[in-house]
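In: the sequence and its predicted three-dimensional model are supplied below.
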Protein chains: 2
Amino acid sequence: MARAATTTDAFNAIAEVSRREILEVLTDGEAAVGDIVERLRLTQPQVSKHLGVLRTVDLVRCRTVGRRHLYRVNGAALRPVHDWVRTFEAHWNERLDRLDDLLDDLLAEPPQEET
Amino acid sequence: MARAATTTDAFNAIAEVSRREILEVLTDGEAAVGDIVERLRLTQPQVSKHLGVLRTVDLVRCRTVGRRHLYRVNGAALRPVHDWVRTFEAHWNERLDRLDDLLDDLLAEPPQEET
DNA sequence: ACATCATATGTTGATATAGGCATGTGTCAA
DNA sequence: TTGACACATGCCTATATCAACATATGATGT
């Protein structure tokens, strides 16, 4: 099998650098496709397709004004990612981990209840 | 070109569900490959390969005890992801966004012929 | 209607994947 | 040394991508 589709969830969608950059641009507020094309150095089809992926996972939403499609971030779609990553905060914030590692090293005895 | 390598960065590495699950298992502490194989329902080569990816991006670290390879999480490697996602917190925490969305919708809706 | 602007979509080609299975490497025990 | 155990790695196939170019859709203005 191949990799999971980029449109599977936010995790897969934000794996691509260009898509993260697009989201960063949209942090400044709504932007049309052309604006994004200018600010990043991507072709229009590239941006449109990336936006399509982001739309599928609801990371961005679109509003049409005349012939311009104005995109904006829907940060809520990033919550699952945020929450998931957050559960690992302890693993870089707490010094206890260092102690834990040390204990693990000290306790590293080959288990004998086998065989 | 194809998608960026899963070993490019943490973003790509955690895009895969199995790899996230492996990291979750390791939240309980060190675990050998066989332990992970048992707790998740994956084959041993699958787990080994996923661990290889996680090792490449330094999301896990390994320590060998006898013939067992004990893996543990290196949460620090998730910091870039955490920090990046965190910049979007405002987009789901602030009520102002709701108001913004509402205004956008009101300004964008062309008259419909539904009635 | 027509030309033009702003986006979306389709196609092709190269590439990296993930699963399945087999096999290699390294360790322990007798 | 031999065998069993724990894990890593190699090969294969199907698949989903991403860039690039071309083209279709849709709205605007004259």
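Out: Structure's in. What do you need?
In: what residue is smack in the middle of chain A?
Out: For chain A, the residue nearest the mean C-alpha position is A:Ile14 (3.4 Å; C-alpha atoms, centre = their mean).
In: that one is in contact with A:Arg20, isn't it?
Out: Yes. If you go by C-beta atoms under 8 Å, A:Ile14 and A:Arg20 touch, sitting 5.5 Å apart. Yep, even glycine has a C-beta here, placed from its N, CA and C like the rest.
In: name the residues contacting each of the two.
Out: B:Phe11 (C-beta atoms under 8 Å, 6 or more residues apart in numbering or on different chains).
In: so the one residue in chain A that gets nearest to DNA strand D: helix, strand or coil?
Out: Per C-beta to the nearest atom of the strand, A:Ala2 is where chain A lies closest to DNA strand D, at 2.5 Å. Put simply, A:Ala2 is coil when judged by DSSP: H, G, I helix; E, B strand; the rest coil.
In: how about the one 3 residues further on?
Out: At A:Ala5, secondary structure determined by three-state DSSP is coil.
In: how far away is it from A:Ala15?
Out: 11 Å (C-beta to C-beta, to the nearest Å).
In: of the two, which one has the most company?
Out: Higher neighbour count among A:Ala5 and A:Ala15: A:Ala15, with 24 against 12, using other C-beta atoms under 10 Å in any protein chain shown.
In: how about the nearest residue to A:Leu23 once chain neighbours are set aside, phi and psi?
Out: Computed as C-beta to C-beta, 6 or more residues apart in numbering or on different chains, the closest residue to A:Leu23 that is not its neighbour in sequence is A:Val73, at 5.9 Å. Backbone geometry at A:Val73, expressed as degrees, to the nearest 10, gives phi -70, psi 140.
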